[in-house]
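Peer 1: Fold the following for me, if possible:
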Amino acid sequence: MITQGWMDPEKAVEQFNEAFPGFQEAAEAAVTRTTAQLNKSVTTKKRQAQAFADFFRFYLVDELTLRGLLALDGDDKEAVEIRAGVRNGLAARHHAVHIRILRVDNGEVPRASSRSRARAYTQPLFDVEPRQLTLVLLWDITAKGVELELAYPKAPGKKFTPTAVHWRVPFAHPAESLDKVGADSAVVDLTAGQDLDVYALPKQDVGEEGGESS
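Peer 2: Purely as a prediction, here's the structure:
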């Protein structure tokens, strides 16, 4: 059965790694490239924190493309794929399993930003094969690198409440440390002032249709 392993918190991360081999390595490489770029072009830790998320998403798309993991515009929709959308938003699909790839929001699964996402987040703890299952791959950046988790949404959050989940499990293997880029390269306080400035990203040939913003 297609979705059974994905609904088991003890097997879901393994299922993801089998379906999308190389994703975690791509995320780690994107952190390394982002850190190196910001150390070269952005002088203060505060400004690095403001720019980190956008640069990381950009380089993650590029690393996925280099590994042949990203479906490009014009490709026929496959049963297993990762696609990039506007602002380098990412979503993955494994047959009936749809996976939103989003940054952690203050330690929580981001609230639904649309009616369609709210409907997708409204899920029982299935004990039979569902027609569609929605999971969320959460990413966040710490001084140690990129942290990935997989979450099974239960209900969309409201204005003052986070998205409820049936379970949320971390990826088994820790990401590589930012220290590999250099002793002074770690980006600190990545939640500070994220919306104060806009930074120009390098040009990229990945299309901007067909996905959701992360």
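
Peer 1: For the helix ranked longest in the chain, which helices and strands make contact with it?
Peer 2: Criterion DSSP state H: the longest helix present in the chain is helix 45-66. Contact here means 3 or more Cβ pairs under 8 Å, 6 or more residues apart in numbering; DSSP states H and E; on that basis helix 45-66 packs against helix 23-41, strand 80-84, strand 90-94, strand 133-142. The C-beta positions use only the backbone N, C-alpha and C, and glycine is treated the same way.

Peer 1: any idea what sits nearest residue 130, other than its immediate chain neighbours?
Peer 2: Of all residues beyond its chain neighbours, the one nearest residue 130 is residue 3 (6.1 Å), with distances taken as Cβ to Cβ, 6 or more residues apart in numbering.

Peer 1: any idea how far residue 150 is from the one you found?
Peer 2: 14 Å (Cβ to Cβ, to the nearest Å).

Peer 1: go on, residue 60?
Peer 2: Taken as Cβ to Cβ, the spacing of residue 60 relative to residue 150 amounts to 16 Å.

Peer 1: Who has more neighbours out of the two?
Peer 2: Counting neighbours by other Cβ atoms under 10 Å for residue 60 and for residue 150 shows that residue 60 has the greater number, 28 against 20.

Peer 1: how close does that one sit to residue 18?
Peer 2: For residue 60, the distance to residue 18 (Cβ to Cβ) stands at 20 Å.

Peer 1: Then residue 171?
Peer 2: For residue 171, the distance to residue 18 (Cβ to Cβ) stands at 13 Å.

Peer 1: So those two - more neighbours on which side?
Peer 2: The residue with the greater number of neighbours, taking residue 171 and residue 18 and applying other Cβ under 10 Å, is residue 171; the counts read 21 against 11.

Peer 1: Now the residue of the chain positioned farthest from its centre: which helix or strand?
Peer 2: With Cα atoms, centre = their mean as the measure, the chain has its most outlying C-alpha, relative to the mean C-alpha position, at residue 128: 27.4 Å. Taking DSSP states H and E as the definition, one finds residue 128 inside no helix or strand.

Peer 1: Residue 123 too?
Peer 2: Using DSSP H and E, residue 123 maps to neither a helix nor a strand.

Peer 1: Direction included, what does whichever helix or strand comes after the longest helix of the chain pair up with?
Peer 2: Moving toward the C-terminus from helix 45-66, the next helix or strand (DSSP H and E) is strand 70-71. For strand 70-71, the pairing partners within the sheet under DSSP bridges are strand 80-84 (parallel).

Peer 1: Enumerate every residue touching the nearest residue to residue 15 once chain neighbours are set aside.
Peer 2: Distances taken as Cβ to Cβ, 6+ apart place residue 5 nearest to residue 15, at 4.6 Å, with adjacent residues excluded. Neighbouring residues of residue 5 by Cβ atoms under 8 Å, 6 or more residues apart in numbering: 11, 12, 14, 15.
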